[in-house]
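Colleague: model the structure of this input:
(one chain, ligands or ions: 1)
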Amino acid sequence: MLFEPVILAFDCNWCSYAAADLAGIARLQYPPNLRIIRVMCSGMVHPNLVVEAFQKGADGVMVMGCHPGECHYVDGNEKARRRMAVVVEMLDAMGLEPERFRLVWCSSSEAERFAASVREMTETVRALGPSPYRVQKWSGL
Ligand code: FES
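Modeller: Numbering: from 1, shown residues only. Next up, the predicted model:
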């Protein structure tokens, strides 16, 4: 049976969340593996939230925000970019591959970019296999 990863995405309300809506309206195809959490800005996503998502069994996590220079809160996405460098180090400490995490910039009109990033992320994580944290959770360890 083909492994179906669970991908959690923190989507900025002003860009990627709207792009997800637009993708739906345009009937663009992307894998149903995504679980979206809407946030007001990518700068609101603390690294601990990403770590917690992995600890609770997500196979991959995405943070999707406005393009540089287009954040509705001026520099929230710049803050996100700096924080996400910390996330990569935390994943290393957890024994997780850095490819399980991705930071994506996507405007509200870029439905195809949104769909393509979800497709790519799903394929990448599917090739990596289940997160060891997910396996532990399922096996009751
Ligand atoms: Fe979209 Fe800040 S408002 S990343």
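
Colleague: need the contact list for the residue most central in space within the chain.
Modeller: In the chain, the C-alpha nearest the mean C-alpha coordinate belongs to Met62, at 1.0 Å (Cα atoms, centre = their mean). By Cβ atoms under 8 Å, 6 or more residues apart in numbering, the contact set of Met62 is Ile7, Leu8, Ala9, Phe10, Leu34, Phe101, Arg102, Leu103, Val104, Ser117, Val118, Met121. (C-beta placed from N, C-alpha, C; glycine too.)

Colleague: try 10 Å
Modeller: Contact analysis of Met62 by Cβ atoms under 10 Å, 6 or more residues apart in numbering lists 7-11, 16, 34, 36, 50, 100-104, 106, 117-118, 121, 125.

Colleague: what helix or strand does it sit in?
Modeller: Counting by DSSP states H and E, the element that carries Met62 is strand 60-65.

Colleague: average pLDDT across that strand?
Modeller: Strand 60-65 shows a mean pLDDT of 98.

Colleague: show me what counts as buried in it.
Modeller: By 16 or more other Cβ atoms under 10 Å, the buried positions in strand 60-65 come out as Gly60, Val61, Met62, Val63, Met64, Gly65.

Colleague: partner strands of that strand, parallel or antiparallel?
Modeller: strand 7-12 (parallel), strand 101-105 (parallel) (DSSP bridges).

Colleague: chain center to it: distance?
Modeller: From the chain centre to the centre of strand 60-65 is a distance of 2 Å (Cα atoms, centre = their mean, to the nearest Å).

Colleague: got the residues of this structure near the ligand?
Modeller: For the chain, the residues found near the ligand under the criterion Cβ under 6 Å from any ligand atom are 12, 14-15, 41-43, 65-66, 71-73, 76-77.

Colleague: residues in contact with Arg38?
Modeller: Arg38 neighbours (Cβ under 10 Å, 6+ apart): Ala9, Phe10, Asp11, Cys12, Asn13, Ser16, Tyr17, Ala18, Ala20.
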